[in-house]
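S.K.: next one to model:
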Amino acid sequence: MKSDQVKKGLERMPNRALLFATGVTRAQMHKPFIGVFTSFTDLIPGHMGMRELERAIDNGVHAGGGVPFLIGIPGICDGIAMGHEGMKYSLASRELITDSVETIVKANALDGIVLLTNCDKITPGMIMAAARLDIPAIVVTAGPMHSGRYQGRRLDLVHDTFEAVGLYQAGKIGECEVRALEMEACPGPGACQGLFTANTMACLTEAMGLSLPGCATALAGMSKKRRIAFESGERIVELVRRNVTARKIINARSIENAIRVDMALGGSSNTVLHLTAIANEAKAGIKLELFDRLSRQTPNLTRIRPAGDHMMEDLEWAGGIPAVMFRLREFLKDSPTVSGKSIKQLVKTAPDYIDDQVIRPLDKAYAKEGGIALLFGNLAPEGAVVKQAAVSEKMKYFEGRARCFGAEEDAMKAIMAKKIKPGEVVVIRYEGPRGGPGMREMLAATSAIVGLGLGESVALITDGRFSGGTRGPCIGHISPEAAAGGPLAAVKDGDKIVIDIRKRRLELGVSAAEIKRRLKALPVFEPKVKTGYLSRYARMVSSASKGAIVE
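M.R.: Residues are numbered from 1 along each chain as shown. Below you'll find the model as predicted:
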């Protein structure tokens, strides 16, 4: 065992003395040491209920014959960080989490790890660490939040708070309703109710085989989740004994399966960043074009908010990810999972129940193509991402005139002041991984556009990101970013921009020579942040097309 490095031999007497100080017994010195990495915090609704899951995992590790050690990992709630400088830290925190897990595992010679996570950047950060370390690992996601209720209708965070800001600004709802919605939209613990980034990543983690079947959609606070947590604790000890390391689970085949499930679900566009980064750590060697190729081949089977009216609780009752994978069984590649069964074994038989209204059969899919599309063109030579499942057919082709902003705050002021008009393309630049820095999500801006009734007449493009809750013709991850001299920096107010999602094109109606001339005339980009972690991050971060990894 790896932990023998700190447990065995006369020279390790001081090490053992310190371990005995933690309460470890002599008998436990011969058992696997398991790190239970928990991102519990009172600051994040998706994580505030993790104390009971920590206890269940702890008990499971003991029952399996291991020794659990609880280790805290930081986390950020993207919803709370949204719309101000805090969002600059969200994507950057992914790298901190990866490095933190690596550091603790290596420093303490742990034999295996359980990763207790839930929200947006914490889940991929932990998985990246597992892939980098290549030791036995299992992921427990804490589960989706239950829907809220107000006057007989179900509520979710994005539709009923972020978009409600625009509705209030447009005079469509009053202050009394605003106050009710903000109290009732998020009734308790769990990841926000739609197929936003947190829940999408939970689903893809299960699809990759890193979580036990049913984990992704088992709702927060339910005993099913506690049972999965206990079984995960038991299972990690067996994975250690059999030396089933993370890269035996995370490989090109399992990542391709995750992309397939992502396309079928119509998940968050952020998964392109995260799966690319995970693949990099796992040495899986996938390319950005793979996402679009699989999207063209994989039908879209669900319409969960923001793309439709269903929520994660509906997906759970409909059969969860096991049901989605059963529907996709002809597309999936065989690969090991932490359960001990391969993907092909898991999808061989149908779950007890599948709700066809929530998870459609292949021959009744919502769309022939998957939920995400990759666009290329003279505005995005290295690619851009759109959640096409959340774009109406009418808006899958759009021509408009550019309205340019150098920061999210400037765009938001114009949107809230009703200065954005139908037929315009809002261009928010210098918000990429380097330029932001941190590649902020633009959920506040996109939600305000929808709330103001402009969702079918205005588009938004950016080198920043969008939340999984974004809907409408919103193009993100434009690469190269403006701060790196990408063509987005050359756009001027009034320029014609063409968005053609069907043909996967994003074009600026300006000649190549003119783009080159404009870029040459621009001043050298001046970093927005010059001290602290974000300054270091900005100097080392790669393009979004590479997963915005720190190199």
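
S.K.: pull out the buried positions in the helix or strand hosting R94.
M.R.: Using DSSP states H and E, R94 sits within helix 88-108. Within helix 88-108, the residues that count as buried by 16 or more other C-beta atoms under 10 Å are 88-98, 100-102, 104-105, 108. (C-beta placed from N, C-alpha, C; glycine too.)

S.K.: can you pull the buried residues of the helix or strand just after it?
M.R.: Following helix 88-108 in sequence order, the next helix or strand is strand 112-117 (DSSP H and E). For strand 112-117, the neighbour count (16+ other C-beta under 10 Å) marks 112-117 as buried.

S.K.: contacts for strand 112-117, please.
M.R.: Residues from elsewhere that reach strand 112-117 (C-beta atoms under 8 Å, 6 or more residues apart in numbering): 32, 34-40, 50, 53-54, 57, 61, 66, 68, 75, 101, 105, 123, 126-127, 129-130, 133, 135-142, 229, 232-233, 236-237, 239-240.

S.K.: just the residues you listed: which are in helices?
M.R.: Of the contacts of strand 112-117, the ones assigned to helices by DSSP state H are 50, 53-54, 57, 61, 101, 105, 123, 126-127, 129-130, 133, 229, 232-233, 236-237, 239-240.

S.K.: shouldn't P351 be in contact with P322?
M.R.: Yes: between P351 and P322 there is a contact at 4.9 Å, judged by C-beta atoms under 8 Å.

S.K.: so where's the stretch 201-350 of the chain shaky on pLDDT?
M.R.: Within the stretch 201-350 of the chain, no range satisfies pLDDT under 70.

S.K.: from the chain's centroid, how far away is stretch 66-73?
M.R.: Here the centre of stretch 66-73 is set off from its chain's centre by 24 Å, with C-alpha atoms, centre = their mean, to the nearest Å.

S.K.: ignore the last one, stretch 254-267
M.R.: 12 Å.

S.K.: so which residues of the stretch 451-551 of the chain form helices?
M.R.: Along the stretch 451-551 of the chain, counting by DSSP state H, counting those that start in this stretch, helices occupy 512-521, 532-540.

S.K.: neighbours of Q28, how many?
M.R.: A total of 17 residues lie near Q28 under the criterion other C-beta atoms under 10 Å.

S.K.: what do you get for M145?
M.R.: The number of residues packed around M145, counting by other C-beta under 10 Å, is 30.

S.K.: for it, what are its contacts?
M.R.: M145 sits in contact with 45-46, 186-193, 219-220, 312, where contact means C-beta under 8 Å, 6+ apart.

S.K.: and what of T245?
M.R.: Counting by C-beta under 8 Å, 6+ apart, T245 has contacts 134-137.

S.K.: low-confidence ranges, this structure, go.
M.R.: For the chain, not a single residue meets the criterion pLDDT under 70.

S.K.: just checking, what packs against the strand or helix carrying I71?
M.R.: Element membership for I71, per DSSP H and E: strand 67-72. Counting contacts by 3 or more C-beta pairs under 8 Å, 6 or more residues apart in numbering; DSSP states H and E, strand 67-72 packs against strand 33-38, helix 50-64.

S.K.: now distance to A264 and mean neighbour count too, for those, in a markdown table please.
M.R.: Converted to a markdown table, these look like this (distance: least, C-beta to C-beta, whole Å; neighbours: other C-beta atoms under 10 Å):
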| stretch | distance to A264 | mean neighbour count |
| --- | --- | --- |
| strand 33-38 | 29 | 25 |
| helix 50-64 | 28 | 21 |
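
S.K.: so which of the ones you listed gets nearest T531?
M.R.: Nearest to T531, of all the helices and strands packed on strand 67-72, is strand 33-38, at 29.3 Å by C-beta to C-beta.

S.K.: good, we can wrap up now.
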